[in-house]
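> Sharing a model that was predicted from the sequence below.
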Amino acid sequence: MTVQVPSHVRLGTTSWDLAGNDGLGTPRDDPDFFGRGLSLTNSRFLGSGTFDSGIGFSRYQQKRKIEWPHKGFVWSYPITVKNDSVNIMFKHSIVPAGGLSSAVYSQKDAGIVVWYSRTPGGEPLENIGRQKLVFSMFTVEKINRLYQRYSVNDPKNSKGDVPVPGYDGDVPGGNSTELVLPIINKTYYINFAGVTAATATLCATKTGNTINPNPRAPRADELVKFDASDIDGRPNLSFICQSATYWIDYDTYLRNVT
């Protein structure tokens, strides 16, 4: 099935290795945001990602740069989940690169909003409380998590020898800032959009201690657009994203939670 991509959205299939200062390093293929669907032994990941096994679960971690979304469109990266394995946790943190985020905020009153969706740039996914989740990042690091589960009624603790992280309270993803995905074959998307502080307040689920009753994805006309050189004459703008995914096979998961 062909994926419909709105005109104000770009599919992200490239990220960059880390480089000095705030610039972008060497580009590389990034067809799956968390690396779950990739050949994890491919040499292109040396120095930019690590794969571990034999620790009760498989884990892939990477750190890379992504272009700061300042060109009037949303960057949307695919996330592949499958039903023969269970991603017991996805985790990513958005880290301001150098002094860039502070400069963009002070000079353009802009930051980044992030959300997960079923389609590129689409409606934000809801947590188990039926609240749409949209996160904002201006000048400090933001960490987000999501989990793939058989049921939100899966037990709090693993019954076997495999750790199953990600429980807050009595259910997985019980924290109001976390998401739970079903164990199915599907592609989801993580979206990054540059917006003003005022737009972030309208879109983000939470601003400070204030809960937004109607969080949403930003509209095309709400996206910021400016040249990289506007920010102290920089040639390009980027931010650092650290990601990790942890997974086990489906049968092992069921043995540990049912």
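Right, received. Where do you want to start?

> Show me how far stretch 209-228 is from its chain's centre.
Stretch 209-228 sits 16 Å away from the centroid of its parent chain (CA atoms, centre = their mean, to the nearest Å).

> mind listing what's buried in that stretch?
Neighbour-count burial for stretch 209-228 flags 212, 215-218, 222-224, 226, 228 (criterion: 16 or more other CB atoms under 10 Å). (Glycine included, C-beta is placed from N, CA and C.)

> Specify the local secondary structure of the residue nearest to Ile231 when sequence neighbours are not counted.
Nearest residue to Ile231 in three dimensions, chain neighbours excluded: Ala103, at 5.2 Å (CB to CB, 6 or more residues apart in numbering). For Ala103, the reduced secondary structure class is helix; criterion used: DSSP: H, G, I helix; E, B strand; the rest coil.

> Could you dump the buried residues of stretch 209-228 into a markdown table with pLDDT added?
Listed next are those as a markdown table, based on pLDDT from 0 to 100:
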| residue | pLDDT |
| --- | --- |
| Asn212 | 94 |
| Pro215 | 96 |
| Arg216 | 98 |
| Ala217 | 98 |
| Pro218 | 98 |
| Glu222 | 98 |
| Leu223 | 98 |
| Val224 | 98 |
| Phe226 | 97 |
| Ala228 | 94 |
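
> Mind checking which of the residues you listed are in helices?
Among the buried residues of stretch 209-228, no residue falls in helices (DSSP state H).

> nearest spatial neighbour of Phe192, skipping sequence neighbours?
Nearest residue to Phe192, sequence neighbours excluded (CB to CB, 6+ apart): Trp75, at 4.5 Å.

> Just checking: what are the partner strands of the helix or strand encompassing the one you found?
Here Trp75 sits within strand 74-81, counting by DSSP states H and E. Using DSSP bridges, strand 74-81 pairs in its sheet with strand 9-11 (parallel), strand 186-196 (antiparallel).

> got those strands as CSV, with distance to Thr207, mean neighbour count and mean pLDDT columns?
Listed next are those as CSV, based on distance: least, CB to CB, whole Å; neighbours: other CB atoms under 10 Å; pLDDT from 0 to 100:
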stretch, distance to Thr207, mean neighbour count, mean pLDDT
strand 9-11, 24, 19, 97
strand 186-196, 12, 22, 96
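
> For Phe34, which of these is the nearest?
Closest to Phe34 of those, according to CB to CB: strand 186-196, at 8.7 Å.

> centre of the chain versus the closest one, how much separation?
Per CA atoms, centre = their mean, the centroid offset for strand 186-196 relative to its chain is 7 Å.

> do stretch 247-258 as well
24 Å.

> now the strands for the stretch 51-200 of the chain?
Using DSSP state E, counting those that start in this stretch, the strands of the stretch 51-200 of the chain run over residues 58-67, 74-81, 85-95, 110-117, 135-137, 142-149, 167-168, 171-172, 179-182, 186-196.
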